[in-house]
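# Mind folding the following:
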Amino acid sequence: QVQVVESGGGLVQPGGSLRLSCAGSGRILRDTNVGWYRQAPGKQRETVATLTIGDSTNYAAAVKGRFAISRDNAKNTVYLRMNSLKPEDTAVYYCNAGPLHITLKGDFTSWGQGTQVTVSS
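Numbers count the residues shown, from 1 in each chain. Purely as a prediction, here's the structure:
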């Protein structure tokens, strides 16, 4: 599995925006499928958005139309742009990358530390 480092989280008011970054380490992210995931307190980790090698995207119903996943090959980084944030978006956000069937489900055996996103007034 690809090693990645997440960053960009923070405290934001409802309706605000954030951009999370997922930097590849040890492997080129354009050569693999990448996903963003989140885990809220007391809940299971869920898939938020995925980006395939062929640049196809998928989003969870709860974030569709508000979040956008993209890739910057020159920087070996995948982003998650989050707009119109809601309190229920509060969670630790993780990035991971690997085979398609694993990435779509978020069925990884190892995870990074993630980045905290808190949406609150």
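# Looks to me like residue 30 is in a strand.
No. Residue 30 is assigned helix when assessed by DSSP: H, G, I helix; E, B strand; the rest coil, not a strand.
# wait, it sits on residue 72?
No. Between residue 30 and residue 72 there is no contact under Cβ atoms under 8 Å: 9.3 Å. Bear in mind the C-beta positions are built from the backbone N, C-alpha and C, glycine included.
# which residues does residue 99 contact?
residue 33 (Cβ atoms under 8 Å, 6 or more residues apart in numbering).
# and with 10 Å instead?
Residue 99 sits next to 1, 32, 33, 107, 108 when contact means Cβ atoms under 10 Å, 6 or more residues apart in numbering.
# So the second one versus residue 73, what's the distance?
Distance, residue 32 to residue 73, by Cβ to Cβ, to the nearest Å: 12 Å.
# hmm, which two among the contacts of residue 99 are most spread apart?
Using Cβ to Cβ, the pair of those lying farthest apart is 32 and 107, separated by 15.0 Å.
# For residue 92, which three-state class applies?
What three-state DSSP gives for residue 92 is strand.
# got the contact list for it?
By Cβ under 10 Å, 6+ apart, residue 92 lies in contact with 6, 9, 37-41, 45, 111, 113-118.
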